[in-house]
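Enquirer: This is a predicted model, with the sequence first.
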Amino acid sequence: MITKELVVIGGGPAGLAAAIEAKKQGIKDVILVERDVRLGGILPQCIHNGFGLHVFKEELTGPEYADRFVKELEEMGIEVMLDTMVIELTQDKQIIAVNRDKGLMHIQAKAVILTMGCRERTRGAINIPGFRPSGIFTAGTAQRFVNIEGYMPGKEIVILGSGDIGLIMARRFTLEGAKVKCVAEIMPYSNGLTRNVVQCLEDYDIPLLLSHTVVDIHGKDRVEGVTIAEVDKNFQPIHSTEKYISCDTLLLSVGLIPENELSKMADIKIDNITSGPVVNQRMETSIPGIFACGNVVHVHDLVDFVTMESQLAGRGAVDYLKDKIPSKKHITVSPGPGIGYVVPQLIDAEKILDGKQNFFMRSKKPMEKARLFIESDKGQIRTRILQHIKPSEMINIELKKEELVNKDIKSLRFFLQEEGATDEK
Amino acid sequence: MKSKQVTCIICPKGCQINVKMNGNEIVSIENYDCKRGLEYAKNEVLDPRRILTTTLKLSSGRVLPVRTKDPIPKKYLKKAMFELKDVVITPPIKVGDVVAKDVVGTGIDVIATGNAK
Ligand SMILES: Cc1cc2nc3c(=O)[nH]c(=O)nc-3n(C[C@H](O)[C@H](O)[C@H](O)COP(=O)(O)OP(=O)(O)OC[C@H]3O[C@@H](n4cnc5c(N)ncnc54)[C@H](O)[C@@H]3O)c2cc1C
Ligand code: SF4
């Protein structure tokens, strides 16, 4: 049995930032375990620009963003185990990892940070009828093929779902000489950032069909075409609008799910809405000493926020290792009308770091203008007007420690009221 | 007179800004909600530019991610892709190294965004 003070599971941007921060704050015995042959998580395949505007105040590509952290990690001499998969985690922080050289390894950690990221929803998760010919890929898989392996999965492409990865891939395929026929999105609005709709679709005259979905996939061995249709308010296809589009490839960009097999194994409490662990003010899960950050907690649209959240987790782990006193007296945080979820879900106000606490949340639907209410069981804390709200763009609210501490607050709720709309609280 | 529609990407509001042009001159700009949008729309019609990101072949197999060091005119994106199509890079190479000079005569270089040993 190997013993370690801190084990970080997953070497994406979350794991990198958490490990670096913990080491900076004085934890010497840190190890980062990554199942891939290189560090960076999903970033090495995200070769487009648009990363780092908040953290570095410049616009980097995914590989460049990862490179900065990998360099820092190496300079600090943090131990890394690549090509090593963690297959088991217990409540007592025992870890079983496996790789080709060493076989099974048992590691006893004093603290653990979970940064396993997320994976893509696949076709099964959204149930399209038809055969299962080759030529159907998730957008992320296609991204990996083109940007890492260097080969093109198809020539004529239809994309289902307007998530950012799908939009980015529409541009990538077009530049590589393929024809992207359209992007079909079942919602009446795009799920990607406006910037991506403009620079990836409009720039190349690729049609974005809102309120549309794929109702059938044609072809037995290889995709030959798809039938798309408009949907009504209840997302049911309107048959009279069905249209055949020939293509050899269908890309699915229909969302991501946090990868929490290990968390569940350790009986960590999972939030039903985010599908990630319930965390407190220092990104600690329901098991003291096990922390989580990045996409494994909730799906982020900007990697910059992943980094910020992970630095917090790194510091949280250091605090835990120093005093071993678990957080008590929690304020429970919950989403009210208009809000999908809020992270963190629990706050120990006494232990808020740096006198301020960030809350990340998503709206349930787009709103031009709305008032965000922050309310506790002891009364209203604050309200704030927000403009141009979209579910695809995360809302980040900072509260001061003074606003929460010493007030005997038990619960905190965030909700949105559209300006001009009637009271629906 | 021609009219062009520009979607502003500076903030999430995404104003649909209307620009009226007479040849290469801007006659009027309408429907923007703030000054930043005005500036953006001006650039978008007079000299739209983008950073090009793509991959180049590595002599060792697989590919290397690269980008133009600065944004290049939008109309040259495809030309640049064509010019870079047959470039093969020999490792070792590290982030920031220049891998192709003066793409499409823009004076702008292409740099590596990844490492290859
Ligand atoms: C396919 C895909 C494409 C994306 N494209 C974009 C984009 O274009 N633009 C953008 O802004 N954001 C994009 N994102 C989101 C962005 O990359 C994330 O916000 C960010 O990478 C999250 O960082 P992370 O460290 O939490 O997760 P990840 O980057 O996913 O890293 C998690 C790491 O953990 C490792 N791991 C998982 N389980 C284990 C285990 N059991 N043992 C050992 N290691 C393990 C994985 O191999 C991986 O390296 C994308 C996400 C995905 C999934
Ligand atoms: S014009 Fe101003 S308000 Fe409108 S999208 Fe651009 S930056 Fe936002």
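Expert: Yep, that arrived. Ligands and ions are numbered 1, 2, ... in the order given.
Enquirer: Next, count neighbours for A:Pro153.
Expert: 21 (other CB atoms under 10 Å in any protein chain shown). Placement of C-beta: from N, CA and C, glycine included.
Enquirer: Please report the distance of it from ligand 1.
Expert: 14 Å (CB to the nearest ligand atom, to the nearest Å).
Enquirer: what do you get for A:Leu53?
Expert: 10 Å.
Enquirer: Can you tell me how far that residue is from chain B?
Expert: Going from A:Leu53 to chain B by CB to the nearest CB, to the nearest Å gives 12 Å.
Enquirer: what's the nearest residue to that residue once chain neighbours are set aside in contact with, if anything?
Expert: Excluding its sequence neighbours, the residue lying closest to A:Leu53 (CB to CB, 6 or more residues apart in numbering or on different chains) is A:Glu59, at 5.9 Å. Remark: with contacts taken as CB atoms under 8 Å, 6 or more residues apart in numbering or on different chains, A:Glu59 is in contact with A:Asn49, A:Gly50, A:Phe51, A:Gly52, A:Leu53, B:Ile51.
Enquirer: can you rerun that using 7 Å?
Expert: Listed by CB atoms under 7 Å, 6 or more residues apart in numbering or on different chains, the contact partners of A:Glu59 are A:Asn49, A:Gly50, A:Gly52, A:Leu53.
Enquirer: go on, A:Asp248?
Expert: A:Gly135, A:Gly154, A:Lys155, A:Glu156, A:Arg222, A:Val223.
Enquirer: remind me which residues of chain B are low pLDDT?
Expert: B:12 (pLDDT under 70).
Enquirer: Among the contacts of A:Asp248, which ones are in strands?
Expert: Of the positions in the contacts of A:Asp248, A:Glu156 sit in strands, assigned by DSSP state E.
Enquirer: quick check: longest helix of chain B.
Expert: helix B:35-46 (DSSP state H).
Enquirer: so what secondary structure elements neighbour whichever helix or strand comes after it?
Expert: With elements assigned by DSSP states H and E, the helix or strand that comes after helix B:35-46 is strand B:49-50. Where contact means 3 or more CB pairs under 7 Å, 6 or more residues apart in numbering or on different chains; DSSP states H and E, strand B:49-50 is packed against strand B:72-73.
Enquirer: Is the strand it packs on positioned near chain A?
Expert: No. Between strand B:72-73 and chain A, judged by CB under 7 Å from any CB of the partner chain, nothing touches; the nearest distance is 12.3 Å.
Enquirer: Quick one: name the residues of the stretch 301-425 of chain A near ligand 1.
Expert: A:Leu302, A:Val303, A:Val306 (CB under 6 Å from any ligand atom).
Enquirer: so of those, which ones are in helices?
Expert: A:Val303, A:Val306.
Enquirer: which one among the residues of the stretch 301-425 of chain A next to ligand 1 gets closest to A:Asn272?
Expert: Nearest to A:Asn272 among those is A:Val306, at 21.9 Å by CB to CB.
Enquirer: any idea what sits nearest that closest one, other than its immediate chain neighbours?
Expert: That would be A:Gly294: by CB to CB, 6+ apart, it lies 4.5 Å from A:Val306.
Enquirer: residues touching that neighbour, list them.
Expert: A:Gly12, A:Pro13, A:Ala14, A:Thr115, A:Gly117, A:His300, A:Val306, A:Glu309, A:Ser310.
Enquirer: Per-residue pLDDT of the second one, please?
Expert: So that's A:Pro13. Note on A:Pro13: pLDDT of 98.
Enquirer: was I right about it contacting A:Pro44?
Expert: No. Contact criterion CB atoms under 7 Å: A:Pro13 and A:Pro44 do not qualify, at 10.9 Å.
Enquirer: do you know how far A:Ser334 is from ligand 1?
Expert: Counting by CB to the nearest ligand atom, the gap from A:Ser334 to ligand 1 is 24 Å.
Enquirer: got the domain boundaries for the chain?
Expert: Answering for chain A, as no chain was given. A:1-120+A:256-325, A:122-254, A:327-425 (automatic domain parsing).
Enquirer: nope, chain B please
Expert: Taken from automatic domain parsing, chain B resolves into B:2-46, B:53-112.
Enquirer: can you list the residues of chain B near chain A?
Expert: So chain B meets chain A at B:7, B:9, B:11-14, B:50-51, B:53-55, B:57, B:62-63, B:65, B:67, B:74, B:77, B:81, B:95, B:113-115 (CB under 7 Å from any CB).
Enquirer: where do the helices sit along the stretch 1-150 of chain A?
Expert: Along the stretch 1-150 of chain A, the stretches classed as helices by DSSP state H, counting those that start in this stretch are A:13-24, A:62-75, A:139-144.
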